[in-house]
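Undergrad: Quick one: sequence plus predicted model below, questions after.
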Amino acid sequence: MRNVWIAAAAMTRFGRRSETLDDLMADAALEVLSEADCQPDALVVTSMAPEELVGEGNLASHIGTYLGLSRTPGLRVETATSSGAAALYAAFALIASGLHNRVLVVGGEKMTHVSTPRVSEIISRVIDPHERSYGATMPALAALVTRAALAKGLFTEADMARVSVKNHANGARNPYAHFQQAVTLDEVMTSRMIADPLRLQHCCPISDGAAAVLLTSDPTGLKLAAIGQGSDYLAVRYRSSLATFRATQDAAKAAFNMAGFGPERVQVAEIHDAFAPFEILALEDTGLFPPGKATRAMQNGELALEGRLPVNPSGGLNSRGHALAATGLAQVVELAWQLTGRAVGRQVKATVGLAHSIGGMATNNWVTLLEQVA
Amino acid sequence: MMETVAASRCPDCGWVVAPPARICPRHPVEMTPVELSGYGSVVSYTTLTVAPAGFKPPLHIAVVELPGGARIFCHGRETRQLRIGRRVAVEQIDGIFYFASLGVADRVSLFWKRRGAAPDRTRDAVKSAIKRFFDVYKRPSSESTPPTGDSARANEEEKNQRPAEKR
């Protein structure tokens, strides 16, 4: 297997954007191509629900043509809300296998022009049909998970709110974030109830945005050290434990196994905090913290920008925003910027970074490891 | 008139799921139909203050584990009295599961909030009230099979699932 390197990484600001999906994806892709100063020999695109959200299909050819890369072999990859990480994996495999040498990965989602109930309905299609027929939305399933975790004493409601406070503080320093404003513990804990015990400030926003990465077989110093995938039952009711995500555990094991090092080397992490308590679950499911230790670390400030292991320096999904298929790539863009000293205003000191992405209600998860070796 | 829930069992691993599935979610083997008694323990629950299209908030949802380990999603009148591990009755009206032992007034209110035409909702409420009547007189004999505990099973599996490497 060949080593895979990151030649360039870029993203648009996440948030309510007036541009089309095509233009958002083009903005991210063109910035990457100009930074890398080369042409890709393959293209991997991703968008979770372009058919429903923007009415476009045949996306690899659609975006390929829009980018002026119609003769470049392209394909579309989709694993629900972790599609960005899955697209990166496909590109990684194309290069590691020797099939291609330079692969452009671009992911994007355009949602804010659609009404919130309609967006919720479209996103809910990632849920098991029986569970969906009971009105189970993503916040509903996340609430069931959170309730089970609270009952097991894995964290408190104050811990959940601390995640939002920390990530909004980081997002306030990130010009690419959807929300660039800090929130207080009290504001989070008194925000509107969405799905008991989850409140509005625990939930990520609906965002537009795009992100792109150019992978190459030529050493650049920034190594895509490993990508691991983990999967679980589509139906939440099939799982023996609601309060841990097996898909995250398996993805982390696969990634660390591929990288040849353990979680102790990770110095910065981008975690899929679509719902604030998921950050705590992920920190333990990935092995970054032993079971029961993540909340204490957060209370001690270890996860803050200046802490021992900064988590979600971008603001995470909670504050940077969640543009579905762009998110998994945006996490990797943030890590690339952090490891190469270009995360202006929120720079941390790190040479190894971990990105964690959740597809659906943790049915198709990914853990990606980046390492600055130069 | 004891309430039963249609489910399916894997002939290989013995796992039971509800509603019935054609193929065992653990491996590609065709399942065989079974019926479970309609009493179980609460695995988790929530109340949606923002409900999706077709539902009126507040929408109360619980996951209930039935005897044999199958879990189902249920609607209910409220979740205030609910606790994880609490035993509840499950009944099915027009293909939808409802949890808890409810009084007649609760049931009327519950069905009134459902989508559908008023005559249907009235009919469902009456059906449910009749079931409740039989439940009260039949219950003592139907408590025989306790469901498997969520926490015990979860702990067992988790022992082997935690990542080995620790910080």
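TA: Sure thing, it's come through. A quick note: this is a predicted structure, and the numbers were derived from the prediction, not measured.

Undergrad: Leaving out sequence neighbours, find the closest residue to A:Leu67.
TA: Closest residue to A:Leu67 apart from its sequence neighbours, by CB to CB, 6 or more residues apart in numbering or on different chains: A:Ala29 at 5.5 Å. All C-beta atoms are positioned from the backbone trio N, CA, C, and that covers glycine.

Undergrad: quick one: pLDDT of that neighbour?
TA: pLDDT for A:Ala29: 98.

Undergrad: same question, A:Thr112
TA: Listed pLDDT for A:Thr112 reads 98.

Undergrad: The residue nearest to A:Leu67: helix or strand, and which one exactly?
TA: Here A:Ala29 sits within helix A:21-36, counting by DSSP states H and E.

Undergrad: again with B:Val42
TA: Assigned by DSSP H and E, B:Val42 falls in strand B:39-48.

Undergrad: Same check on A:Leu317?
TA: Using DSSP H and E, A:Leu317 falls in helix A:316-319.

Undergrad: give me the number of residues near A:Asp37?
TA: The local packing of A:Asp37 (other CB atoms under 10 Å in any protein chain shown) involves 8 other residues.

Undergrad: next one: A:Ala294
TA: 28.

Undergrad: check contacts around the spatially closest residue to it that is not a sequence neighbour.
TA: Nearest non-adjacent residue to A:Ala294, counting by CB to CB, 6+ apart: A:Leu283, 4.0 Å away. By CB atoms under 8 Å, 6 or more residues apart in numbering or on different chains, A:Leu283 lies in contact with A:269, A:271, A:289, A:294, A:297, A:303, A:311.

Undergrad: could you redo the last one with a cut-off of 10 Å?
TA: Shown in contact with A:Leu283 (CB atoms under 10 Å, 6 or more residues apart in numbering or on different chains): A:163, A:248, A:263, A:269, A:271, A:289-290, A:293-295, A:297-298, A:303, A:309, A:311, A:356, B:167.

Undergrad: repeat for A:Phe155
TA: Here A:Phe155 is in contact with A:146, A:149, A:162-163, A:243, A:276-277, A:279-281, A:284, A:292, A:294-295, A:298 (CB under 10 Å, 6+ apart).

Undergrad: Narrow these to those in helices?
TA: A:146, A:149, A:162-163, A:277, A:279-281, A:284, A:294-295, A:298 (DSSP state H).

Undergrad: other SSEs contacting the lowest-mean-pLDDT helix or strand in chain A?
TA: None of the helices or strands of chain A scores lower by mean pLDDT, DSSP states H and E than helix A:116-124, at a mean of 93. In terms of contacts (3 or more CB pairs under 10 Å, 6 or more residues apart in numbering or on different chains; DSSP states H and E), helix A:116-124 is packed against helix A:50-53, helix A:129-132, helix A:138-151.

Undergrad: which residues sit against that helix?
TA: For helix A:116-124, contacts defined as CB under 10 Å, 6+ apart pick out A:48-49, A:51-53, A:80-81, A:111-115, A:131-132, A:135-141, A:206, A:322, A:324, A:360, B:50-54.

Undergrad: Narrow the residues you listed to just the buried residues.
TA: With neighbours counted using 16 or more other CB atoms under 10 Å in any protein chain shown, those contain these buried positions: A:48-49, A:53, A:80-81, A:111-112, A:114, A:131-132, A:135-141, A:206, A:322, A:324, A:360, B:50-52.

Undergrad: how about B:Val88, secondary structure?
TA: Of the three states, B:Val88 takes strand under DSSP: H, G, I helix; E, B strand; the rest coil.

Undergrad: quick one: contacts for A:Ser357?
TA: With CB under 10 Å, 6+ apart, A:Ser357 has these contacts: A:79-86, A:88, A:227, A:229, A:248, A:251, A:270-272, A:274, A:282, A:317, A:327-332, A:364-368.

Undergrad: Distance check, the residue nearest the centre of chain A against chain B.
TA: The centroid of chain A falls nearest to A:Gly328 when counting by CA atoms, centre = their mean (3.3 Å). From A:Gly328 over to chain B the distance is 21 Å, taken as CB to the nearest CB, to the nearest Å.

Undergrad: between the helix or strand harbouring that residue and helix A:21-36, how big is the angle?
TA: Secondary structure assignment for A:Gly328, by DSSP H and E: helix A:327-339. Counting by axes from the mean of the first three to the mean of the last three CA atoms, to 10 degrees, helix A:327-339 lies at 30 degrees to helix A:21-36.

Undergrad: Do you have the strands of chain B handy? List them.
TA: Taking DSSP state E as the criterion, chain B carries its strands at B:4-9, B:16-17, B:32-37, B:39-48, B:59-65, B:71-76, B:87-93, B:96-99.

Undergrad: okay, the ones you listed in JSON lines with distance to chain A and mean pLDDT next?
TA: Listed next are those as JSON lines, based on distance: least, CB to the nearest CB, whole Å; pLDDT from 0 to 100:
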{"stretch": "strand B:4-9", "distance to chain A": "12", "mean pLDDT": "94"}
{"stretch": "strand B:16-17", "distance to chain A": "7", "mean pLDDT": "96"}
{"stretch": "strand B:32-37", "distance to chain A": "13", "mean pLDDT": "94"}
{"stretch": "strand B:39-48", "distance to chain A": "4", "mean pLDDT": "94"}
{"stretch": "strand B:59-65", "distance to chain A": "5", "mean pLDDT": "96"}
{"stretch": "strand B:71-76", "distance to chain A": "4", "mean pLDDT": "94"}
{"stretch": "strand B:87-93", "distance to chain A": "12", "mean pLDDT": "88"}
{"stretch": "strand B:96-99", "distance to chain A": "8", "mean pLDDT": "90"}
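
Undergrad: which phi and psi does A:Arg265 have?
TA: Main-chain dihedrals, A:Arg265, degrees, to the nearest 10: phi -90, psi -10.

Undergrad: oh, I was asking about A:Val103
TA: phi -120, psi 130.

Undergrad: what's the neighbour count on it?
TA: Neighbours around A:Val103, by other CB under 10 Å: 29.

Undergrad: hang on, isn't it packed against A:Ser217?
TA: Yes - the pair formed by A:Val103 and A:Ser217 meets the contact definition of CB atoms under 10 Å, at 9.4 Å.

Undergrad: Overlap in contacts, those two.
TA: By CB under 10 Å, 6+ apart, the residues touching both A:Val103 and A:Ser217 are A:4, A:7, A:94-95.

Undergrad: Leaving out the residues flanking it, which one is nearest to A:Asn365?
TA: A:Ala247 (3.8 Å).

Undergrad: Using just helix, strand and coil, how would you label the residue of the stretch 151-300 of chain A found nearest chain B?
TA: Nearest residue of the stretch 151-300 of chain A to chain B (CB to the nearest CB) works out as A:Gly287 at 3.4 Å. Put simply, A:Gly287 is coil when judged by three-state DSSP.

Undergrad: ok so, going back, pLDDT on the helix holding A:Leu317, on average?
TA: Helix A:316-319 shows an average pLDDT of 98 in the prediction.

Undergrad: Give me the helices and strands touching that helix, please.
TA: Right, helix A:316-319 is packed against helix A:157-171, strand A:268-270, helix A:277-285, helix A:327-339 by 3+ CB pairs under 10 Å, 6+ apart.
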